[in-house]
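Trainee: no FASTA, just this:
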């Protein structure tokens with residue numbers, strides 16, 4: 001199942017009264033549990049085929065305007081998101097379009113796509129996110145100057161997590 005379809009499915013499940021959803025075919029198996037499933041307030045997606053990902057549950061981050069109280073999977077990511085919101089008042093955020101592993105450079109031997117102080121355009125690649133052994137380029141989609149890198153190289157990132165802060169031109 002494609003990642004975009006999974007995101008749509010999560011949104012539909014959050015709007016419904018379903019507390020648990022399981023999906024399985026020959027190559028993929030996952031389950032989604034909402035906050036009504038247990039006492040924790042999170043939506044958990046647990047892909048069984050993602051060997052390069054950490055084994056811990058991953059949480060679906062939602063924009064601040066969502067009225068449901070969905071909490072991130074860890075307190076570290078919650079603290080990072082709160083710090084990012086405070087710092088991002090005057091900046092544009094480049095966020096992760098998917099769950100995966102964040103890489104600042106195309107390979108260990110090469111330099112980072114962007115670093116603090118670099119000027120970027122809308123079509124510039126700013127990082128890679130590895131998901132299910134596929135490397136996905138993340139485009140800036142904004143133009144400006146990189147102010148801060150919010151994710152650590154080779155670390156797991158969540159959907160919607162702030163990766164970079166950009167000062168607009």
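Mentor: Nice, I can see it. Because the structure is a prediction, the values reported are computed rather than measured.
Trainee: now the strands: where do they sit in this protein?
Mentor: 20-24, 29-33, 44-45, 58-59, 92-95, 100-103, 119-120, 125-131, 134-139, 144-149, 155-157, 162-168 (DSSP state E).
Trainee: most tightly packed of these?
Mentor: strand 58-59 (a mean of 24; mean count of other CB atoms under 10 Å). Backbone N, C-alpha and C define where each C-beta goes, glycine included.
Trainee: so for that strand, what's the average pLDDT?
Mentor: Average pLDDT, strand 58-59: 46.
Trainee: can you give me the neighbour number for residue 112?
Mentor: Neighbourhood size, residue 112 [other CB atoms under 10 Å]: 16.
Trainee: quickly note the distance from it to residue 158.
Mentor: Separation of residue 112 from residue 158 (CB to CB, to the nearest Å): 21 Å.
Trainee: again, but for residue 165
Mentor: Per CB to CB, residue 165 is found 17 Å from residue 158.
Trainee: same question, residue 93
Mentor: Taking CB to CB as the measure, residue 93 falls 14 Å from residue 158.
Trainee: tell me the contacts of residue 9?
Mentor: 21, 23, 32 (CB atoms under 8 Å, 6 or more residues apart in numbering).
Trainee: what about this protein, any weak spots by pLDDT?
Mentor: Within the chain, the segments meeting pLDDT under 70 span 1, 35-89.
Trainee: wait, residue 123 sits on residue 142?
Mentor: No: Residue 123 sits out of contact with residue 142 when judged by CB atoms under 8 Å, with a separation of 10.6 Å.
Trainee: so for the two, which sits in the more crowded spot?
Mentor: The neighbour comparison of residue 123 against residue 142 (other CB under 10 Å) goes to residue 142, with 19 against 9.
Trainee: spatially nearest residue to that one, not counting backbone neighbours?
Mentor: Nearest residue to residue 142, sequence neighbours excluded (CB to CB, 6 or more residues apart in numbering): residue 92, at 4.9 Å.
Trainee: isn't that neighbour right up against residue 163?
Mentor: No: Residue 92 is beyond contact range of residue 163, at 11.6 Å (criterion: CB under 8 Å).
Trainee: cool, thanks, signing off.
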